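Model the structure of this input:
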Amino acid sequence: MRTPDRELTTMGIPRRRGGRTAGGWAAAVACAVLLSGCATPGARPGPDADGDPSPSATIPAYDVEPGQTLRCGGLSFSSDALVKPVPLSRADERVREAVESAADDAGMPVAAAEAPETWLVASADDRQIALLHPRADAEGSASAFEQVTLLWHEAGSDRPAEWTVASSGPCAPRADAGELNAAAIALDPEQPPAPSDTTVHLLVTELACHGGEDAEGRVELASLIETDESVEIVIGVRPDETADAWTCQSNPATPFALELDAPLGERDIVDVGVVPAQTLEPVDTAG
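Predicted coordinates for the structure are as follows:
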């Protein structure tokens, strides 16, 4: 198991004041297509930094570094879509009409078409439209959003030209980990941390397909920030290239020992690789 250099993480992130590394993983990218301009850092509901009304009164802005590439399941989009969200109800007319015309495999309309003010446009172009909906029941859950991705299909011999649902379901936006696979992180309930501990025992579950096998020897600590109030971490899993392809049943958790420079004390341990950031809790591994 690899840990980052104390001055620079494996992702090449420079140090920041008050901690050891900056929190963002990915380089800045262009604003999502059809969203209304680039986001202002620190934007929140209400007037933005320029005094303009917030783009959405129904979707909250999220405390996430702007200009990152985020992944939510198979979807990739700019974090600007969460910093300054634009609801489907205010999107380009072409996008709204595409969503209204789309249907899933059962011929049912897209849920976003029924409540466009509560779905934000994560990305949109002539071939793909991605929408996110904050889940009201997501407190304490890593899957904070419902996502729907639409794809455009050209007319063929057996079908008309149309927008169709390519994927849908709950997802957790995560910072683009580059070469690392995303992972779910929890405290090990069999070894709960004590204030005097400088080693914290975690359980790391690889989210990519890996044949139902653990990630032993491939877990990597990409970023660690220790402050007086919290321990902020980003952990990923190095892909296993010993097979050409892996089946996609659930993977078991892998133990990982997080080494701290100072005793944990009363500090929270926070996974900042997921949006919103999650304070770690023990996971029930029974059954």
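
What backbone torsions are found at I225?
phi -130, psi 120 (degrees, to the nearest 10).

my read: it touches V231, true?
Yes - under the criterion of CB atoms under 8 Å, I225 makes contact with V231 at 7.4 Å. Quick note: C-beta positions are derived from backbone N, CA and C, even for glycine.

residues contacting the residue nearest to the spatial centre of the chain?
Nearest to the geometric centre of the chain sits P173, at 1.6 Å (CA atoms, centre = their mean). Contacts of P173 were listed using CB atoms under 8 Å, 6 or more residues apart in numbering, and they are L70, R71, C72, S79, L82, L132, A144, F145, V274, V275.

try I269
Contacts of I269 by CB under 8 Å, 6+ apart are L187, P193, V200, S230, V231, I233, L258, T279, L280.

Could you check how far the closest residue to A184 other than its chain neighbours is from E114?
Spatially, and ignoring its direct neighbours in sequence, A184 is nearest to T205 (4.5 Å; CB to CB, 6 or more residues apart in numbering). To E114, T205 is 34 Å away according to CB to CB, to the nearest Å.

next one: H153
For H153, the distance to E114 - CB to CB - is 23 Å.

ok, the two, which is more surrounded?
Using other CB atoms under 10 Å as the criterion, H153 and E114 rank with H153 on top: 13 against 10.

The more buried one contacts V165, correct?
No - using CB under 8 Å, H153 is not in contact with V165; the gap is 11.2 Å.

Strands of the stretch 151-287 of the chain, residue ranges please.
Taking DSSP state E, counting those that start in this stretch, the strands of the stretch 151-287 of the chain run over residues 162-171, 174-175, 183-187, 199-206, 219-226, 230-237, 254-259, 268-271, 278-279.

ignore the last one, the stretch 1-150 of the chain
Using DSSP E, counting those that start in this stretch, strands in the stretch 1-150 of the chain cover 69-72, 75-78, 120-124, 128-134, 145-153.

doesn't W152 make contact with R127?
Yes - here R127 reaches W152: they are 5.1 Å apart, a contact under CB under 8 Å.

out of these two, which sits in the more crowded spot?
Neighbour totals were compared for R127 and W152, and W152 leads with 16 against 11 (other CB under 10 Å).

how far away is that one from L120?
For W152, the distance to L120 - CB to CB - is 20 Å.

same question, A106
25 Å.

got it, and M108?
21 Å.
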